[in-house]
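Peer 1: this one's structure only:
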């Protein structure tokens, strides 16, 4: 499985570097060890691997359950994708994500849930706050710039445009902050994570 995963990473790194001038700003801030909840804005279908290739270690992704068919079930499984039923969400996927984080692995999530239509950041759902509370993982905020221009939502045409990932300072919530309960409490954590993402900017 690792061979297939790293082959995909190598090919995607080469392609994004050549086609989009892919770069990561703040790479020194990346937490490379231990459980990390990687939280990013959502601009394009390209976002999961764009975030994942910033790391030197394996990361796990969320993917629509409907994608896990035939050859793609084999492929996505080896790319560390976790199937999620977006039409009928249940706790099984969340429990699996939390288990992965508690085992010391890294998981990519998009707090907004859906790709942006207009380039603006959307509100975060309470789910990412729940994951942060239950897993107690460090949260790594990131912001993607340029992916929407390359492949906007609803388009099947790839365009050439620079893509940059800006990495923020890790968020290590205190025990008191993680003591929240219920949807409203989880939403507070989600809003804090989204605010950290929104604060990230491209350098002048």
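Peer 2: The structure has been received and is ready for your questions. Keep in mind that what you see is a predicted model, and the values were worked out from it rather than measured.
Peer 1: mind listing the strands for this structure?
Peer 2: Along the chain, counting by DSSP state E, strands occupy 23-25, 36-40, 61-64, 81-84, 106-109, 138-145, 164-167.
Peer 1: what does the average pLDDT come to for the shortest one?
Peer 2: Mean per-residue pLDDT for strand 23-25: 98.
Peer 1: Given that strand, what are its sheet partners and their directions?
Peer 2: Within its sheet, and counting by DSSP bridges, strand 23-25 is paired with strand 164-167 (parallel).
Peer 1: Run the chain-centre distance for the strand it pairs with.
Peer 2: Mean-position distance between strand 164-167 and its chain equals 12 Å (CA atoms, centre = their mean, to the nearest Å).
Peer 1: go on, stretch 19-30?
Peer 2: Counting by CA atoms, centre = their mean, stretch 19-30 is centred 15 Å from the centre of its parent chain.
Peer 1: so who does residue 143 touch?
Peer 2: Contacts for residue 143 (CB atoms under 8 Å, 6 or more residues apart in numbering) come out as 40-41, 165-166, 168, 197-198, 200-201. C-beta: built from backbone N, CA, C; applies to glycine.
Peer 1: Residue ranges in the chain under the pLDDT threshold?
Peer 2: Along the chain, segments meeting pLDDT under 70 span 1, 86-90.
Peer 1: which one's the longest helix in it?
Peer 2: Within the chain, and with DSSP state H defining each element, the longest helix by residue count is helix 2-20.
Peer 1: Mind giving me the packing neighbours of that one?
Peer 2: Where contact means 3 or more CB pairs under 8 Å, 6 or more residues apart in numbering; DSSP states H and E, helix 2-20 is packed against helix 47-52, helix 70-78.
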